[in-house]
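S.K.: take a look and give me a structure for this.
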Amino acid sequence: MLCRVRVIFGFVLLMAAVGALPVSGADAQESPYEAIDSHAVSAPSSAAASLDGLAAYLCEPARLPREKLRAFYRWVTAFVRYDPAAGAEPSDAALAALRNRRADAAGFAALYEALARSAGVESATVRGALRGWQSGASEQGGHVWNAVNLDGAWQFVDCLSGAGFQNAAGAFEAAFNESSFLVPPESFIFTHFPEDANWQKLAEPLSREAFEGLFEAKPALSQLGIRPVSFPRKWDQSPDTVVLRVHVPADVCISARLYVGTDEIPETSTFVQHVGETATVLAAPPLPGGCSLMLFGKMRNEPGSYRWVAQYKLRAMPGAGERRFPEALESMKTRRAVLHAPLTGRLKKDAPVEFRLQVEEATNLALVVLNKWYWLRATDGVWQGTVTPFGDLLQVAARFPGKSTYEVLLRYSVE
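M.R.: I've put the predicted structure just below:
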């Protein structure tokens with residue numbers, strides 16, 4: 001059945017056609033803050049005898065304002081633990097957090113603001129609602145975070161979210177979160193809604209109703225360091241495909257599924273590409289009506305199932321063509337392979353098709369049709385070749401160093 005997609009809740013970049021993605025570099029990239037972080041987490045207790053003393057110590061290897069802010073963020077997230085009963089008078093909150101190494105949300109923000117101001121960075125404390133931090137709750141009220149002004153642009157820092165999360169039993173679990181540092185307003189609004197709309201720092205501030213409708217965040221979203229990149233300013237329509245872009249750390253991979261109620265739509269209605277630290281999610285609802293796009297994530301090299309990280313609500317409208325993607329198997333996700341072509345999951349019999357993929361570390365790549373293997377060649381890091389499909393199924397398989405067997409990356413139907 002023909003359909004057109006209307007986005008009701010979610011963040012999208014709408015396209016009539018999806019082109020090839022750029023070639024990525026190595027997944028593992030050295031953090032620009034590695035030396036700053038190491039210095040901060042190695043701070044002796046004597047360095048924190050006073051706010052000024054701690055700021056001076058943390059700024060020793062830092063030269064730029066953002067490096068100083070990073071040093072403060074890393075120290076606070078490493079040494080202060082969440083305690084909702086550790087409230088203090090606003091005028092004493094920063095010193096109490098420093099002295100006790102325990103603080104509520106306001107104490108985390110007060111300490112960070114005091115350190116930022118000591119380095120000459122304009123900073124503020126912002127109150128509002130947070131979602132996706134507390135297990136078993138869609139939203140945590142009474143949250144507090146920081147806004148900092150770097151080179152005339154406001155960005156956000158949430159030290160409490162960066163230090164860990166609250167589990168289903170209500171206990172705080174320490175777990176450093178990279179994604180809560182210097183977040184731009186257009187990404188931060190997905191999880192943080194300030195009481196004062198001016199602190200959204202958006203050209204067109206969202207209403208509370210619009211914020212609640214963007215998407216449903218799960219605790220694993222922040223725990224895995226995943227965050228949305230962009231969102232629409234209004235409802236829009238797409239000929240056949242919704243395209244989402246999400247920041248995903250290099251050691252994390254995500255998958256996506258469409259559901260109507262509790263029924264899963266065939267997996268070939270979604271496709272995920274990882275390039276560097278950006279994941280592009282393609283979704284093509286096959287039928288008119290409401291559906292949910294759910295995102296799941298996990299650590300790349302750890303066994304086990306994916307965790308639910310977010311949910312978006314879409315509505316497919318009559319009017320456009322149905323689309324299917326190739327079936328991506330687990331190796332496609334964990335190996336972070338990039339498919340340039342073809343992105344359609346349905347191949348025509350007896351019609352030549354060009355394949356182009358980037359598969360890091362692969363030593364061989366082949367197209368498998370029945371019992372015949374067609375080898376691809378690597379040129380400038382991209383495996384490519386042309387085949388004329390036959391039969392009912394075409395698979396893409398790769399071999400990696402130290403492996404005696406091939407791993408299937410993709411499956412296409414041949415019609």
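S.K.: from here on, just use CA atoms for contacts and neighbour counts.
M.R.: Will do.
S.K.: quick one: the helices in the stretch 251-400 of the chain, in order.
M.R.: For the stretch 251-400 of the chain, the helices defined by DSSP state H, counting those that start in this stretch occupy 330-334.
S.K.: so where is it shaky, pLDDT-wise?
M.R.: In the predicted model of the stretch 251-400 of the chain, residues 316-321 satisfy pLDDT under 70.
S.K.: and the stretch 1-150 of the chain, by the same measure?
M.R.: Checking the stretch 1-150 of the chain against pLDDT under 70 turns up 1-30, 132-141.
S.K.: hmm, try it at 50
M.R.: 1-29, 135-139 (pLDDT under 50).
S.K.: gap between the spatially most central residue of the chain and residue 278?
M.R.: Note on the chain: the residue nearest the mean C-alpha position is residue 226, at 2.7 Å, using Cα atoms, centre = their mean. Plainly put, residue 226 is 10 Å away from residue 278 if you go by Cα to Cα, to the nearest Å.
S.K.: same check on residue 76?
M.R.: 27 Å.
S.K.: also residue 116?
M.R.: Where residue 278 is concerned, residue 116 sits at a distance of 29 Å (Cα to Cα).
S.K.: quick one, helices of the stretch 51-200 of the chain?
M.R.: According to DSSP H, counting those that start in this stretch, the helices that the stretch 51-200 of the chain contains are 51-58, 65-79, 93-100, 105-118, 159-163, 185-188.
S.K.: other SSEs contacting the shortest one?
M.R.: By that I understand helix 185-188. strand 153-157 (3 or more Cα pairs under 8 Å, 6 or more residues apart in numbering; DSSP states H and E).
S.K.: between residue 76 and residue 278, who's got more neighbours?
M.R.: The neighbour count for residue 76 versus residue 278, taken as other Cα atoms under 10 Å, is higher for residue 76 (25 against 18).
S.K.: how deep is the nearest residue to that one once chain neighbours are set aside tucked in, by neighbour count?
M.R.: The shortest distance from residue 76 to any non-neighbouring residue, by Cα to Cα, 6 or more residues apart in numbering, is to residue 159 (6.8 Å). Here the number of neighbours of residue 159 (other Cα under 10 Å) works out to 29.
S.K.: contacting residues around residue 378?
M.R.: residue 384 (Cα atoms under 8 Å, 6 or more residues apart in numbering).
S.K.: hmm, back to that, any shared contact partners between residue 226 and residue 278?
M.R.: Shared contacts of residue 226 and residue 278 (Cα under 8 Å, 6+ apart): 246, 247, 248, 249.
S.K.: would a markdown table of those residues with neighbour count and secondary structure be doable?
M.R.: Listed next are the shared contacts of residue 226 and residue 278 as a markdown table, based on neighbours: other Cα atoms under 10 Å; DSSP: H, G, I helix; E, B strand; the rest coil:
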| residue | neighbour count | secondary structure |
| --- | --- | --- |
| 246 | 19 | strand |
| 247 | 20 | strand |
| 248 | 25 | coil |
| 249 | 23 | coil |
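S.K.: of the residues you listed, which pair is most distant in space?
M.R.: Within the shared contacts of residue 226 and residue 278, 246 and 249 form the most distant pair, 9.8 Å apart (Cα to Cα).
S.K.: can you tell me the closest non-neighbouring residue to residue 325?
M.R.: Ranked by Cα to Cα, 6+ apart and with sequence neighbours excluded, the top spatial neighbour of residue 325 is residue 345, at 4.1 Å.
S.K.: and the strands in the stretch 1-150 of the chain?
M.R.: In the stretch 1-150 of the chain, the segments counted as strands under DSSP state E, counting those that start in this stretch are 4-7, 13-14, 81-82, 102-103, 123-130, 140-150.
S.K.: can you redo the ones you listed as a markdown table with mean neighbour count and distance to residue 359?
M.R.: Below are those laid out as a markdown table (neighbours: other Cα atoms under 10 Å; distance: least, Cα to Cα, whole Å):
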| stretch | mean neighbour count | distance to residue 359 |
| --- | --- | --- |
| strand 4-7 | 25 | 31 |
| strand 13-14 | 16 | 26 |
| strand 81-82 | 23 | 41 |
| strand 102-103 | 24 | 46 |
| strand 123-130 | 20 | 38 |
| strand 140-150 | 19 | 38 |
